[in-house]
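A.B. asks: Predicted model and sequence below, questions to follow.
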Amino acid sequence: MTNAEVARALANIAVMLEMEGGNPFRVRAYREAARVIQTQAEAVATLAVEEGRLESLGGIGKDLAGKIRDLVKTGSTKIYDELKAKIPLEVVALTELQGLGPKRVGTLFQVLGVKTRADLEQAARAGKLRDLPGFGEKIEQNVLKAIATASQRSGRMLLASAWPVAHAIADHVRDVRGVKQVDIAGSFRRRKETVGDLDILACGGASEAVMGAFTSHPSVAEVLGRGETKSSVRLVNGLQVDLRLVPEAAYGAALLYFTGSKEHNIELRKIAIEQGMSLNEYGLTRGEKFVAGRTEEEVYRALGGPWIPPELREARGEIELSRYGRLPRLVELEDLRGDLHMHTDRTDGRDSLEAMVRAAKDRGYEYVALTEHSKAAMARGFDEARLKSSAGEIEAVRKRVPGIEVLHGLEVDILADGALDLDDDALESLDWVIVSIHSRLDQDAKAATARVLRALDHPAVHAMGHPLGRVIGTREGMALDLDAVLARAAERGIAMEINSQPDRADLSDAHARLAREKGVRIVIDTDAHSAVQLGFAQFGVFTARRAGLAREDILNTLPYLNFREAVRRDRRRREPAVAAASPVARTPEPSVARRRSTGEKAPGRKPAASGPAKGPRRPR
DNA sequence: GCCGTTTTCGGCCCGACTGTTTTCAGTCG
């Protein structure tokens, strides 16, 4: 069973226990365990076999650990079987409908025998719901509405898709007279890869004017509700947006509250209680006395710690880290000095080689790697001969666009058996080699892992692109043994990519966190297929920040000379394997033209500084 | 069912809103 499947089973148990009127704290324990398993980067199957690993996770004790081991091993556990015998899983699924929780669904099932959405719709239309205990005519109507909404809703939206309209609406509200501050809170502010809805917060300005501006924005399709302090709308793209107008004195407390995550807030409230205080969206109070709430910083400080960046607020240990002053200084977009994965119109990109290099230079990058596809990925993909002529094209663009280091790279396909798509000599001739998988993503874990490990053993490889191969909302990632892959990457000095394409975010935040823990270097690349897509870099940075990564964890934050030295050093770690795999052991040298452009004195010379030196900030 | 610089028993985050009730349960975030 995968982590998601174990989490689903635990959450289902929680719902079924609640339907039966079970101990609410026991219900909560199952729900919390589901969350913990869901957010683990390591495979639960691995955790289950290693002594004491499950029990070491917060919220999982001896009992739940045993049940999780059962689930991993057999796909079920005693209590799950017993509950499922009484309550079908399709009944549990009814709790996904808005306004229907375990209690009401339990009543529907026990009294009316409702099992499916179709049953439910029929019963509601026949007016059978209104007479049930705790139900009424209004709830009956709302159930019908919820069924209709659920059938047309497409679920969560990519952060990048919500990005422009969210900012447009926020700017529109910000323009209202008297408005002092506007923030887009919620998972949007935590930069999750997808958002379910948008929570916008504002303070200052007259309610009538603020709400009027909000509900009349051109992207609004339907006004769901409008009040003094809160209004809700549905946009033409289906997204629901709530706007809350909060008092200035409590703005920070409200921003904290509506940014979440819920689990982070719960931990903060517990700390408040330990200190004899109470925290809610109106502020931090001690008895009747208001302690803090104007800014987030003020609230965190009053609770005894520093401000925590929203990307880290997921109850993954960030509060404890902050107590010890060990929060990472998260990487920022401005820290990136190069982009090492992009395509041009020579394969499946839209813009020319020169246009891509110029766009990278305009973004202020010091270096860029052009990495076309190899022949297995597509008809126009590069073979050995095409790679040779490409070298001349790269050399020509270096002359035409001075002031940026242009690396001749390739995104070479990992074939089904783990061999690379081009011969060793061709790969050895390159400055930068990414290996990626574009086919046969359906292999089982054993085959897929062996395939990737073999590819990582090739001495010419510098990085692995979109390692899991997932596309959000379209396909799951490969069934890789990520522990084994990351261990090999760490051992061989191969960087793992955070692919910034918004529908990839691959590595994910959890996987990137695991990679860092295992000592793997990360590159943040855009995989841009046009000059505009170089802007996706910010989404890759969001993923890295959610993973808790600092500038030092990211290879392409290094200034060029340090980057080149790091690549060489990592390459030397692979030397022993070079003799076996290739007769020519060669470290790529920068061209004369490139040395001239950076003022470097001679080949092989070590750069003066080591480690991430602070250079002049680039214009954005 | 979990957890412990008061604790192995007795707690477990908090408030708004809705719709049902006639003081509160259920749901949501």
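C.D. replies: Everything's here; your move. Quick caveat: nothing in here was measured; it's all calculated off a predicted structure.

A.B. asks: Who are the packing partners of the longest strand belonging to chain A?
C.D. replies: In chain A, with assignment by DSSP state E, the single longest strand is strand A:405-413. Counting contacts by 3 or more CB pairs under 8 Å, 6 or more residues apart in numbering; DSSP states H and E, strand A:405-413 packs against strand A:367-373, helix A:384-400, strand A:432-436, helix A:592-598. In short, each C-beta sits where N, CA and C put it, glycine included.

A.B. asks: Contacts for the second one next, please.
C.D. replies: Applying CB atoms under 8 Å, 6 or more residues apart in numbering, the set of residues contacting helix A:384-400 from outside is A:346, A:353-354, A:357, A:370, A:372, A:382, A:406, A:408, A:410, A:422-423, A:425-426, A:429-430, A:591, A:593-594, A:597.

A.B. asks: Buried subset of the residues you listed as a PyMOL selection?
C.D. replies: Only the buried members of the contacts of helix A:384-400 enter the following PyMOL selection, criterion being 16 or more other CB atoms under 10 Å:
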select buried, chain A and resi 346+353+357+370+372+382+406+408+410+422+426+429+430+591+594+597
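
A.B. asks: Intersect the contacts of helix A:384-400 with the contacts of DNA strand B.
C.D. replies: Among the contacts of helix A:384-400, no residue lies close to DNA strand B (CB under 7 Å from any atom of the strand).

A.B. asks: Give me the pLDDT value at A:Gly287.
C.D. replies: On pLDDT, A:Gly287 comes in at 82.

A.B. asks: ok, it to A:Gly293 distance?
C.D. replies: 15 Å (CB to CB, to the nearest Å).

A.B. asks: Now do the helices in the stretch 101-250 of chain A.
C.D. replies: Here the stretch 101-250 of chain A has its helices, by DSSP state H, counting those that start in this stretch, at A:102-107, A:117-125, A:137-152, A:159-174, A:186-189, A:207-215.

A.B. asks: Let's have those in a markdown table, adding mean pLDDT, distance to A:Val72 and mean neighbour count.
C.D. replies: Shown next, in a markdown table, are the helices of the stretch 101-250 of chain A (pLDDT from 0 to 100; distance: least, CB to CB, whole Å; neighbours: other CB atoms under 10 Å):
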| stretch | mean pLDDT | distance to A:Val72 | mean neighbour count |
| --- | --- | --- | --- |
| helix A:102-107 | 91 | 25 | 19 |
| helix A:117-125 | 89 | 31 | 17 |
| helix A:137-152 | 82 | 31 | 14 |
| helix A:159-174 | 92 | 32 | 18 |
| helix A:186-189 | 94 | 29 | 23 |
| helix A:207-215 | 90 | 48 | 18 |
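
A.B. asks: Give me whichever of the helices and strands packed on strand A:405-413 is most buried.
C.D. replies: Highest mean neighbour count among the helices and strands packed on strand A:405-413 (mean count of other CB atoms under 10 Å): strand A:367-373, with a mean of 27.

A.B. asks: what comes into contact with that one?
C.D. replies: Under the criterion CB under 8 Å, 6+ apart, residues A:337-344, A:346-349, A:353, A:356-357, A:360-361, A:380-382, A:390, A:394, A:404-411, A:413, A:431-432, A:434, A:438, A:465, A:560, A:563 lie in contact with strand A:367-373.

A.B. asks: Burial check on A:Leu321, number of neighbours?
C.D. replies: A:Leu321: 16 surrounding residues under other CB atoms under 10 Å.

A.B. asks: Contacts only, for it.
C.D. replies: Here A:Leu321 is in contact with A:Leu327 (CB under 8 Å, 6+ apart).

A.B. asks: And A:Pro24, by the same measure?
C.D. replies: By CB under 8 Å, 6+ apart, A:Pro24 lies in contact with A:Glu18.

A.B. asks: do you know how far it is from A:Leu89?
C.D. replies: Distance of A:Pro24 to A:Leu89, given as CB to CB: 22 Å.

A.B. asks: do the same with A:Ser389
C.D. replies: Using CB to CB, A:Ser389 is found at 58 Å from A:Leu89.

A.B. asks: now swap in A:Leu132 and tell me
C.D. replies: From A:Leu132 across to A:Leu89, the span is 22 Å (CB to CB).

A.B. asks: try A:Glu384
C.D. replies: Distance from A:Glu384 to A:Leu89, by CB to CB: 54 Å.

A.B. asks: got it, and A:Asn142?
C.D. replies: Look at A:Asn142 and A:Leu89: by CB to CB, they are 24 Å apart.

A.B. asks: cool, and A:Thr2?
C.D. replies: Note on A:Thr2: its distance to A:Leu89, by CB to CB, is 17 Å.

A.B. asks: same check, this time on A:Leu97
C.D. replies: Taking CB to CB, one finds A:Leu97 at 15 Å from A:Leu89.

A.B. asks: Look at these two and report which has more neighbours.
C.D. replies: A:Leu97 (19 against 15).

A.B. asks: Now do the contacts for the more buried one.
C.D. replies: Applying CB under 8 Å, 6+ apart, we find A:Leu97 in contact with A:Arg117, A:Leu120, A:Val143, A:Ala146, A:Ile147, A:Ala150.

A.B. asks: What is the nearest of those to A:Ser187?
C.D. replies: Taking CB to CB as the measure, A:Ser187 lies nearest A:Ala150 of the contacts of A:Leu97, at 20.1 Å.

A.B. asks: count of neighbours near whatever residue of the stretch 101-250 of chain A ends up closest to DNA strand B?
C.D. replies: Nearest residue of the stretch 101-250 of chain A to DNA strand B: A:Gly136, at 1.7 Å (CB to the nearest atom of the strand). The tally of other residues near A:Gly136 (other CB under 10 Å) stands at 12.

A.B. asks: That one and A:Arg130 touch, don't they?
C.D. replies: Yes: the pair A:Gly136 and A:Arg130 passes the contact test of CB atoms under 8 Å, sitting 5.7 Å apart.

A.B. asks: Kindly report the domain assignment for chain A.
C.D. replies: Here the domain assignment for chain A is A:3-152, A:157-245, A:250-323, A:333-598, based on automatic domain parsing.

A.B. asks: Need the winner for burial among those.
C.D. replies: By mean count of other CB under 10 Å, these have domain A:333-598 as the most buried, with a mean of 20.

A.B. asks: can you give me the offset of it from its chain's centre?
C.D. replies: 19 Å (CA atoms, centre = their mean, to the nearest Å).

A.B. asks: Give me the mean pLDDT for it.
C.D. replies: Rounded mean pLDDT across domain A:333-598 is 88.

A.B. asks: Who are the contact partners of A:Arg104?
C.D. replies: Counted by CB under 8 Å, 6+ apart, A:Arg104 has contacts A:Gly134, A:Phe135, A:Ile139.

A.B. asks: so what's the second one closest to, chain neighbours aside?
C.D. replies: Spelled out, it's A:Phe135. Leaving aside its sequence neighbours, A:Phe135 sits nearest to A:Leu129 (CB to CB, 6 or more residues apart in numbering; 5.0 Å).

A.B. asks: so the one you found makes contact with A:Lys138?
C.D. replies: No: with contacts counted by CB under 8 Å, A:Leu129 stays clear of A:Lys138, the gap being 10.2 Å.

A.B. asks: got a list of what whatever residue of the stretch 201-350 of chain A ends up closest to DNA strand B touches?
C.D. replies: The minimum distance from the stretch 201-350 of chain A to DNA strand B, using CB to the nearest atom of the strand, falls at A:Asn280 (3.8 Å). Applying CB under 8 Å, 6+ apart, we find A:Asn280 in contact with A:Ala253, A:Tyr257, A:Arg269.

A.B. asks: Following the chain past the helix or strand hosting A:Met496, name the next helix or strand.
C.D. replies: Assigned by DSSP states H and E, A:Met496 belongs to strand A:495-499. Using DSSP H and E, the next helix or strand after strand A:495-499 towards the C-terminus is helix A:509-517.

A.B. asks: Which other helices and strands does that following helix contact?
C.D. replies: Helices and strands touching helix A:509-517, by 3+ CB pairs under 8 Å, 6+ apart, are helix A:482-492, strand A:495-499, strand A:522-525, helix A:537-546.

A.B. asks: end-to-end on stretch A:346-363?
C.D. replies: End-to-end distance for stretch A:346-363, by CA to CA, to the nearest Å: 22 Å.
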